[in-house]
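Trainee: structure of the sequence below:
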Amino acid sequence: QVQLVESGGGLVQAGGSLRLSCAASRRTGSRYGIGWFRQAPGHEREFVATINWSGGSTYYANSVKGRFTVSRDNTKNTVYLQMNSLKPEDTAVYYCAARPDSTEFGIATTGPYDAWGQGTQVTVSS
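Mentor: This next block holds a predicted model:
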């Protein structure tokens, strides 16, 4: 099973930027999509963005569209989430998760994702 480790979280002022990384170990021959989710205290885990294996297909939550960009470098087994124009409401623990690359439905829900990282805290001050 793919193992995932997030990094890059921290404290930033509103309007600032952060880049999160999701480093993956992979099974030989497996292709996987990666999703980013976040969870704020007292809230359910919510979808942020996802990218397929090739990097040619991405999808974003409306709340982050135009501000966040997901990308990947398969030579480094790493997926990135560039977060710009951060807002206090972006404060949360951010998780990356892996799904089969062939997943067609539900990529913006937690259902298809079968491996999760431990999360990294992002705090945006006003």
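
Trainee: quick one: end-to-end length of stretch 80-93, please.
Mentor: One end of stretch 80-93 sits 15 Å from the other (C-alpha to C-alpha, to the nearest Å).

Trainee: now it: how far from the chain's centre is it?
Mentor: 11 Å (C-alpha atoms, centre = their mean, to the nearest Å).

Trainee: now do it: everything it contacts.
Mentor: With C-beta atoms under 8 Å, 6 or more residues apart in numbering as the test, stretch 80-93 has contacts from 12, 14-22, 36, 38-40, 43, 48-49, 63-64, 67-73, 94, 96, 119-126. From N, CA and C alone the C-beta is placed, and that goes for glycine too.

Trainee: let's see that with 6 Å instead.
Mentor: Taking contacts as C-beta atoms under 6 Å, 6 or more residues apart in numbering, the residues outside stretch 80-93 that touch it are 12, 14, 16-21, 36, 38-40, 67-71, 119, 121, 123-124, 126.

Trainee: what sits against Phe115?
Mentor: One thing to correct before we go on: residue 115 is Ala, not Phe. With C-beta under 6 Å, 6+ apart, Ala115 has these contacts: Gln1, Val2, Leu4, Ala98.

Trainee: the third one: which element?
Mentor: For Leu4, the enclosing helix or strand under DSSP states H and E is strand 3-7.

Trainee: now do the buried residues in that strand.
Mentor: Leu4, Glu6 (16 or more other C-beta atoms under 10 Å).

Trainee: with only the CA atoms kept, save it in PDB.
Mentor: Listed next in PDB are the C-alpha coordinates belonging to strand 3-7 (Å, rounded to 0.1, in the frame of the first residue of the first chain):
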ATOM      1  CA  GLN A   3       2.500   5.300   2.300                       C
ATOM      2  CA  LEU A   4       2.200   9.100   2.400                       C
ATOM      3  CA  VAL A   5       4.000  11.800   4.400                       C
ATOM      4  CA  GLU A   6       3.000  15.500   4.300                       C
ATOM      5  CA  SER A   7       5.200  18.400   5.000                       C
END
